[in-house]
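Novice: I'll drop the sequence and a predicted model, then ask my questions.
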Amino acid sequence: MTEIEILTTASLGDTSYLLVSGDEAALVDPQRDSWELMESCAGRGVRIRYALETHVHNDYLSGALEVRAATGATVAGPARAPYAFDHLGLAEGDEITVGDATLRAMETPGHTAEHTSYLVFDGVRFDGVRPDHPAAVFTGGSLLVGTAGRTDLCGPGRTEELARAQYRSLRRLALLPDGTRILPTHGAGSSCSAGPAAAERTTTVGAERRTNPALTAADEEEFVSGRMAGLPPYPAYYHHMAPVNRSGPPVLGGLPALRPLTPAAVEGLAGGGAQIVDGRDRSSFAAGHLPGSICEELDDRFASLVAEVVPFGTRLVLVLPDPAGEAGREAVRQLLRIGYDNIAGHLAGGVDAWAAAGRPLRSFRTADAAELAGHLAERRVLDVRPESPDGGIPGALAVPLAELPRRLGALPRDREIWTVCGSGRRATIAASLLDRAGIPVTAVTRGGAADLVRPAS
């Protein structure tokens, strides 16, 4: 009997899968931090035979080489993927076996040029013949729940070509039997989808054929025009993921421990270009923080928001509420998933140790949205939401947070700026960037743009 375990990484909007048949397994599109999963398999007496990739990922660093180093598994993936390391290339119709299950490659270019899905044939019939119809298909970034994978991640010069390929790939997948389970890698919360993905992580071919807009276009031209229009920007760090995945991420062998740093060491690192990232809550940060640090509250979005404002490859120093415990592990885990490996360590003793060493702290004011409402005309407001679906805050300057670091120099400095977003999270990050640049700032940390937009007449 074949079982498929769903392994969701909510912070990235992605799902990996562990297919287990008997005492053998395949790990599909593994995250880099799969060490605990591998230990669990070993404890259950399950041998991971394959680390199986559907495509060269653009949104996270693959864990395939970690799996191979720890278990001896074979790394398998699309035959057309230009990996620089040894792997088993799978072309259309090629098969691998895991216990009693058979996985057959089905080339489905579109999301990327080399993209490949894998049909799952579960076991054999009583007469020893394999079933004719697949029980499931790992669709990676092709057919998703309620949408499809975007086709612009390989560069604007290939977007239309890949959109046409995606159209044909989706039509092939839609010909599978209604009951075939669709097991996509990308889902809700991932910027790899071409439109909002449903909250459900898996679906069936029949359900998608009936409801998925990506399968209801009248023809190829309608599909392509729809796929190429209105694609939102994707995170800047995406530009770095595919090259690293093609060459192979460095094998870590486990989650690195955070090194404690003295205030003097942190001061020296910051002077040498390291960025101090403070994972405490926004109120604590605003009340007192290290000069030059930025506020990135530690939650599921921590690393993705770090990547919005900190250039890839920057050396990092962390300020955390529990650096030696789960907070420290979670911060490092999230950063490693997207290749922010250059972590110097954490400030031992935190902000209190910094102040006790006689070093200065900075602060800025915070406010409720209600304090700003009714005073928009006399205050300078900076809206840092990624999008302004409501038409924007009257009179405000709109600069998405991801663009703010390179546009700081153009901001006026003659009076205080009030930063606003949807919930206060990005507004606090923006305020920390303005504070670092010496611009007077108040962060609207409670409430947001919805409280400030004029109601429709």
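Specialist: Perfect, thanks for sending it. Here the structure is a predicted model, which means the values were calculated and not measured.

Novice: Enumerate the helices of the stretch 151-300 of the chain by residue range, in sequence order.
Specialist: 159-174, 205-211, 220-228, 238-247, 263-271, 282-287 (DSSP state H, counting those that start in this stretch).

Novice: who touches the fifth one?
Specialist: Applying CB atoms under 8 Å, 6 or more residues apart in numbering, the contact partners of helix 263-271 are 261, 276, 290, 292, 315, 317, 344-345, 347, 353-354, 357, 359. Glycine gets a C-beta too; all of them are placed from N, C-alpha and C.

Novice: packing partners for the helix or strand hosting Leu37?
Specialist: Using DSSP states H and E, Leu37 sits in helix 35-43. With contacts taken as 3 or more CB pairs under 8 Å, 6 or more residues apart in numbering; DSSP states H and E, helix 35-43 sits against strand 47-52, helix 64-71.

Novice: Of those, which is nearest Asp100?
Specialist: strand 47-52 (12.8 Å; CB to CB).

Novice: quick one, the closest one and helix 35-43 angle?
Specialist: Relative orientation of strand 47-52 and helix 35-43, computed by axes from the mean of the first three to the mean of the last three CA atoms, to 10 degrees: 140 degrees.

Novice: which strands and helices sit next to strand 47-52?
Specialist: Short answer (3+ CB pairs under 8 Å, 6+ apart): strand 47-52 packs on strand 24-28, helix 35-43, helix 64-71, strand 74-78, strand 95-98.

Novice: Partner strands of the first one, with direction?
Specialist: If I follow you right, that is strand 24-28. strand 14-21 (antiparallel), strand 47-52 (parallel) (DSSP bridges).

Novice: Can you say which of those is nearest to Arg406?
Specialist: Among the strands paired with strand 24-28, strand 14-21 sits nearest to Arg406 (CB to CB), with 28.0 Å.

Novice: Convert that closest one to CSV, retaining C-alpha atoms only.
Specialist: Output of strand 14-21 as CSV, limited to C-alpha atoms (Å, rounded to 0.1, in the frame of the first residue of the first chain):
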residue,chain,number,x,y,z
ASP,A,14,5.0,25.3,-0.9
THR,A,15,4.3,21.6,-0.3
SER,A,16,6.8,18.7,-0.4
TYR,A,17,5.6,15.1,-0.5
LEU,A,18,6.9,11.9,1.0
LEU,A,19,5.7,8.9,-1.0
VAL,A,20,6.1,5.7,1.1
SER,A,21,5.5,2.2,-0.3
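
Novice: Mean confidence (pLDDT) on that strand, please.
Specialist: Strand 14-21 shows a mean pLDDT of 98 in the predicted model.

Novice: now it, how far from the centre of its chain.
Specialist: 18 Å (CA atoms, centre = their mean, to the nearest Å).

Novice: So for this protein, the centremost residue is which one?
Specialist: With distances taken as CA atoms, centre = their mean, Leu12 lies nearest the centre of the chain, 3.0 Å away.

Novice: and that residue, backbone torsions?
Specialist: Torsion angles at Leu12 (phi, psi; degrees, to the nearest 10) stand at phi -110, psi -10.

Novice: quick revisit: weakest of the helices of the stretch 151-300 of the chain in terms of mean pLDDT?
Specialist: Lowest mean pLDDT of these: helix 220-228, a mean of 90.

Novice: other SSEs contacting that one?
Specialist: helix 159-174.

Novice: in the helix or strand bottoming out on mean pLDDT in the chain, what's buried?
Specialist: Counting by mean pLDDT, DSSP states H and E, the chain has its least confident helix or strand at helix 220-228, which shows a mean of 90. Buried residues in helix 220-228, counted by 16 or more other CB atoms under 10 Å: 223-224, 227-228.

Novice: What is the nearest of the residues you listed to Arg44?
Specialist: Out of those, the member with the shortest distance to Arg44 (by CB to CB) is Arg227, at 41.9 Å.

Novice: What sits closest to that closest one if chain neighbours are left out?
Specialist: Ala163 (4.5 Å; CB to CB, 6 or more residues apart in numbering).

Novice: any idea how far that neighbour is from Ala367?
Specialist: For Ala163, the distance to Ala367 equals 45 Å [CB to CB, to the nearest Å].

Novice: what do you get for Gly447?
Specialist: Gly447 sits 9 Å away from Ala367, going by CB to CB.

Novice: repeat for Cys421
Specialist: 13 Å.

Novice: list the residues that contact both of these two?
Specialist: With CB under 8 Å, 6+ apart as the test, Cys421 and Ala367 both reach Val444.

Novice: More neighbours: which of those two?
Specialist: In terms of neighbours (other CB atoms under 10 Å), Cys421 is the more surrounded of Cys421 and Ala367; the figures are 23 against 17.

Novice: Can you classify the closest residue to that one other than its chain neighbours by secondary structure?
Specialist: Excluding the flanking residues, the one nearest Cys421 by CB to CB, 6+ apart is Ala427, at 4.4 Å. Three-state call for Ala427 (DSSP: H, G, I helix; E, B strand; the rest coil): helix.

Novice: try the one 3 residues further on
Specialist: Per three-state DSSP, the secondary structure class of Ala430 is helix.

Novice: ok, back up a step: what residues are up against the residue nearest to Arg227?
Specialist: Counted by CB under 8 Å, 6+ apart, Ala163 has contacts 110, 151, 223-224, 227-228.

Novice: TSV for these, including distance to Val306?
Specialist: Putting those into TSV (distance: CB to CB, whole Å) gives the following:
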residue	distance to Val306
Gly110	30
Thr151	27
Phe223	36
Val224	35
Arg227	30
Met228	30
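
Novice: Next, give me the two most distant ones among the residues you listed.
Specialist: Top of the distance list for the contacts of Ala163 (CB to CB): Gly110 and Met228, 12.5 Å.

Novice: Return every residue with contacts to both of the two.
Specialist: 151, 163.

Novice: Perfect, that will be all.
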